[in-house]
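Asks: Could you work out the structure for the sequence below:
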Amino acid sequence: MDKLVYSLANKFSLVVFTLLTIYSCWKIHQLFNLKYYGEVTKGIIIGYQTKKSNDYLEKNRKQIYAPIFTYKPKNKNTEVNISTSVYNEIKKYEIGDTVRVCYMKNKILKAQIKDLFPWRNKIYMLIVGVVGLIVTTLPFFKKMTHT
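Replies: Numbering: from 1, shown residues only. A predicted model of the protein is given here:
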């Protein structure tokens, strides 16, 4: 019975880590395409979104900030306001600063500030997925060498 539970848990983990690896590769690919093949235009910082840091072990959690910017896509007459998903402890830009904005023509609401891309979380997901795949496939390779 224990072997059956272990085998099912290992196969489930293998599926989860495979899906995590594929998902993170896909998200990194999307960011890469946006940064290097997307349209680039100018945007203006119009404010900051604030929240408490995710450091739950600290008693006095710090405020962290994500810039809100506005930009006008090329060949469009509307301005788009976007809040980035990259939070920092310091405000990197002043309100009114001009920044370079990357966007895809067909996804103008998925714009990012050119020098503030959210790579870190996607890279962490990829590392966890790959390490998980290695750990969960080791028993399969051990079985193959012992038979």
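Asks: which residues touch the nearest residue to Ile64 once chain neighbours are set aside?
Replies: Counting by Cβ to Cβ, 6 or more residues apart in numbering, Tyr87 is the residue found nearest to Ile64 once chain neighbours are left out, at 4.1 Å. C-betas here are computed from N, CA, C, even on glycine. Applying Cβ atoms under 8 Å, 6 or more residues apart in numbering to Tyr87 gives the contacts 51, 53, 64-66.
Asks: Just the buried residues out of those residues, in ChimeraX syntax.
Replies: In ChimeraX, this line selects whichever of these come out buried by 16 or more other Cβ atoms under 10 Å:
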select :64,65,66
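Asks: Would you check which pair of the contacts of Tyr87 lies furthest apart?
Replies: Taking Cβ to Cβ as the measure, these span a maximum distance of 12.0 Å, between Ser53 and Ala66.
Asks: burial count for Lys62?
Replies: The tally of other residues near Lys62 (other Cβ atoms under 10 Å) stands at 9.
Asks: same question but for Glu79, I mixed them up
Replies: The tally of other residues near Glu79 (other Cβ under 10 Å) stands at 12.
Asks: Not counting its own residues, what contacts stretch 36-48?
Replies: Where contact means Cβ under 8 Å, 6+ apart, the residues beyond stretch 36-48 that reach it are 65-74, 81, 91, 93-105, 111, 113-114.
Asks: List buried residues within those residues.
Replies: 65-67, 69, 71-73, 91, 93, 99, 101-104, 111, 113-114.
Asks: List the buried residues of the longest strand anywhere in the chain.
Replies: Counting residues, the longest strand found in the chain (DSSP state E) is strand 39-52. Buried residues in strand 39-52, counted by 16+ other Cβ under 10 Å: 41, 43-46, 48.
Asks: So which residues of this structure form helices?
Replies: 2-37, 119-146 (DSSP state H).
Asks: Which ones among the buried ones among the contacts of stretch 36-48 map onto strands?
Replies: Under the assignment DSSP E, the buried ones among the contacts of stretch 36-48 contribute 65-67, 69, 71, 99, 101-104, 111, 113 to strands.
Asks: would you turn these into CSV with distance to Ser13 and pLDDT?
Replies: Putting these into CSV (distance: Cβ to Cβ, whole Å; pLDDT from 0 to 100) gives the following:
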residue, distance to Ser13, pLDDT
Tyr65, 37, 92
Ala66, 33, 92
Pro67, 38, 95
Phe69, 40, 96
Tyr71, 42, 95
Val99, 42, 95
Val101, 40, 94
Cys102, 36, 93
Tyr103, 37, 93
Met104, 35, 91
Ala111, 36, 91
Ile113, 37, 92
